[in-house]
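S.K.: only the shape, not the letters, is given here:
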């Protein structure tokens, strides 16, 4: 049992290490361009959502995009209305990583490692070097998932672990567990990734995977709220909007949990269980955006009243 736990922790450590460093490398490659894209293609709410989704897909981190948005709002580069659209888009963009994780490409992680290493070894420019490094981190990320997959296989025969996972099928228990795990490891992608891995090995049900996924959406708001500390009122409103959007989406998801579960089952049809969990993540966030986008003016008015600009005396 100790060997299994150590292997899971090792795989998780590799995953988190890769995610953090991958974001830094990609931000180096696209960072300035990302800021230009955000300021250029946010003319209306639709463009803001689309930009947030695309930039999040490229940077592979909704938190990084939302924090960048908060920084830009704090610097008066973006207004609050555009920031709300980007936050919604970031919630859609982050689901792409779940779809990638659900693919059975962990066993091909050495290909990424070798390709990245060759680029780093024979690079003559810093851009090629950083690109190779980013590919290496992709390899480490997938190898971390592969390690966790192999580690959890024996747990299928462990009655205590199986009984604990069955408790996650309770929507509230699963959601709270997902939120706490995300709060601890500071990565919603890792939490959803673990849920997908457990589903792939047949030790976590679709209901449990959906509940954990919803909890991950709540846990991920912590770092974006921290980014608003010492920021202006517009930046604070952006962070609070992210919290409200995720919280209301989760409440709606818990109230309509069984119908949503049926919808995921219908849409996923003959798909594998891990693909169904990934589909639930994408469907949940897209439906949340489609529901709340119509109420952005209302949210704007409400937050303007709750968090008014400081009066100049």
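M.R.: Right, received. Where do you want to start? Treat the numbers as computed from the prediction; the structure is a model and nothing was measured.

S.K.: where does the prediction get shaky in the stretch 1-150 of the chain?
M.R.: Along the stretch 1-150 of the chain, the model assigns pLDDT under 70 to residues 1, 22-24, 26-35, 37.

S.K.: which residue ranges of it form helices?
M.R.: Under the criterion DSSP state H, counting those that start in this stretch, the stretch 1-150 of the chain contains helices at 2-40, 45-59, 62-74, 80-93, 95-102, 109-122, 126-152.

S.K.: to residue 253, which of the ones you listed lies closest?
M.R.: For residue 253, the closest of the helices of the stretch 1-150 of the chain is helix 80-93, at 12.9 Å, according to CB to CB. Glycine gets a C-beta too; all of them are placed from N, C-alpha and C.

S.K.: what secondary structure does residue 286 sit in?
M.R.: In three-state terms, and counting by DSSP: H, G, I helix; E, B strand; the rest coil, residue 286 is helix.

S.K.: leaving out chain neighbours, which residue sits closest to it?
M.R.: Closest residue to residue 286 apart from its sequence neighbours, by CB to CB, 6 or more residues apart in numbering: residue 92 at 5.9 Å.

S.K.: that neighbour is in contact with residue 290, isn't it?
M.R.: No. With contacts defined as CB atoms under 8 Å, residue 92 does not count as touching residue 290, sitting 9.8 Å away.

S.K.: before we move on, back to that, got the helices of the stretch 1-150 of the chain as CSV, with distance to residue 208 and mean neighbour count columns?
M.R.: Shown next, in CSV, are the helices of the stretch 1-150 of the chain (distance: least, CB to CB, whole Å; neighbours: other CB atoms under 10 Å):
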stretch, distance to residue 208, mean neighbour count
helix 2-40, 17, 16
helix 45-59, 26, 22
helix 62-74, 23, 24
helix 80-93, 22, 25
helix 95-102, 15, 21
helix 109-122, 26, 15
helix 126-152, 14, 21
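
S.K.: of these, which is nearest residue 210?
M.R.: helix 95-102 (11.8 Å).

S.K.: run through who's touching that closest one.
M.R.: 56-57, 60, 145, 189, 192-193, 196-197, 200, 272, 274-275, 277-278, 281-282, 285-286 (CB atoms under 8 Å, 6 or more residues apart in numbering).

S.K.: buried ones in the helix or strand encompassing residue 303?
M.R.: If you go by DSSP states H and E, residue 303 is part of helix 296-306. Using 16 or more other CB atoms under 10 Å as the test for burial, helix 296-306 gives 296, 299, 300, 303.

S.K.: which residues in the stretch 201-313 of the chain form helices?
M.R.: Using DSSP H, counting those that start in this stretch, helices in the stretch 201-313 of the chain cover 206-219, 221-226, 233-255, 257-268, 273-292, 296-306.

S.K.: any idea which of those scores lowest on pLDDT?
M.R.: Ranked by mean pLDDT, those bottom out at helix 221-226, which scores a mean of 78.

S.K.: packing partners of that one?
M.R.: If contacts are counted by 3 or more CB pairs under 8 Å, 6 or more residues apart in numbering; DSSP states H and E, helix 221-226 sits against helix 62-74, helix 233-255.

S.K.: done for today, thanks.
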